[in-house]
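Engineer: pasting the structure only:
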């Protein structure tokens, strides 16, 4: 059956049996999330007054012409209400799960620089040790009732997108997130057992989630909605199944998701990892990750 699902068509495939065994060797080594946070997914907080990330992001929305300052003023600079002032064309999604506003955010240099400050001043004290950080932060905007976005939620794990099994996923919003404007997350134990059930055949897994209602419902029923405010971070293991949902609330969600790897972990992989996206980005320092670690 043909699919236009990005995960079905692009999920990680192994080149041969040796490659698969090397992948399993990497998965078998314990992830650092439970070591640092007590479980495979957990919450932590930061002082919003110690970061200018949200302020700089709003300023750059205005400076780049994405949104007019007068319109932002009308909604009280409340990012949860962005859908009321962002042109409809910028709210529509492309097949790879990005809307037009998100594509524009990729070039937000001031926000990217402030993200680096956030990593040094906020993330560093949380992680503690030396680590590599995702060079280009992922900024997502989930508008209510988006056009061209499937109501069939694309549940996935970062491993199927070519990410390292050792990464620590940090997800934090600039808005209040709740219900299905937020991210859906399945627990680690279910996720690992589900992936093992498919013998790590990511394309088969993605296809069954899309085309077999009983599989979709099973995954859906295992997931919970993240509920956070600005100043809270959700950290999770890359094996955990998760997804952006079809937003049926009255609130836009703006969030960052970024990946970090302890320095010693970066050099202990058994195979090369490459992102499955258009850029085919190597998951190495100087490519997907910054060339130099935070020390």
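Structural biologist: Received, thanks. Quick caveat: nothing in here was measured; it's all calculated off a predicted structure.
Engineer: where does the protein dip in pLDDT?
Structural biologist: 1-6, 95-96 (pLDDT under 70).
Engineer: helix, strand or coil for the residue sitting nearest the centre point of it?
Structural biologist: Nearest residue to the geometric centre of the chain (Cα atoms, centre = their mean): residue 257, 4.2 Å. The three-state label given to residue 257 by DSSP: H, G, I helix; E, B strand; the rest coil is strand.
Engineer: contacts only, for it.
Structural biologist: 137, 138, 140, 169, 170, 171 (Cβ atoms under 8 Å, 6 or more residues apart in numbering). The C-beta positions use only the backbone N, C-alpha and C, and glycine is treated the same way.
Engineer: now neighbour count, secondary structure and distance to residue 118 too, for those residues, in TSV please.
Structural biologist: Below are these laid out as TSV (neighbours: other Cβ atoms under 10 Å; DSSP: H, G, I helix; E, B strand; the rest coil; distance: Cβ to Cβ, whole Å):
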residue	neighbour count	secondary structure	distance to residue 118
137	22	coil	9
138	15	strand	13
140	19	strand	16
169	20	strand	15
170	25	strand	10
171	24	strand	13
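Engineer: ok, back up a step: and the residue nearest to the centre of the chain, bridged to which residues?
Structural biologist: Beta-bridge partners for residue 257, by DSSP bridges, are residue 138, residue 171.
Engineer: you'd agree residue 18 is in a strand?
Structural biologist: No. According to three-state DSSP, residue 18 belongs to no strand; its state is helix.
Engineer: all strands for the stretch 101-250 of the chain, in order.
Structural biologist: Taking DSSP state E, counting those that start in this stretch, the strands of the stretch 101-250 of the chain run over residues 131-133, 138-142, 168-173, 183-186, 223-225, 232-236, 242-244.
Engineer: export those strands to TSV and tack on distance to residue 214?
Structural biologist: Listed next are the strands of the stretch 101-250 of the chain as TSV, based on distance: least, Cβ to Cβ, whole Å:
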stretch	distance to residue 214
strand 131-133	40
strand 138-142	27
strand 168-173	28
strand 183-186	16
strand 223-225	16
strand 232-236	26
strand 242-244	18
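Engineer: out of these, which comes closest to residue 13?
Structural biologist: strand 242-244 (20.7 Å; Cβ to Cβ).
Engineer: list the contacts of the closest one.
Structural biologist: So strand 242-244 is in contact with 97, 140, 142, 153-157, 183-186, 223, 236, going by Cβ under 8 Å, 6+ apart.
Engineer: residue 154 and residue 246, how far apart?
Structural biologist: Separation of residue 154 from residue 246 (Cβ to Cβ, to the nearest Å) stands at 10 Å.
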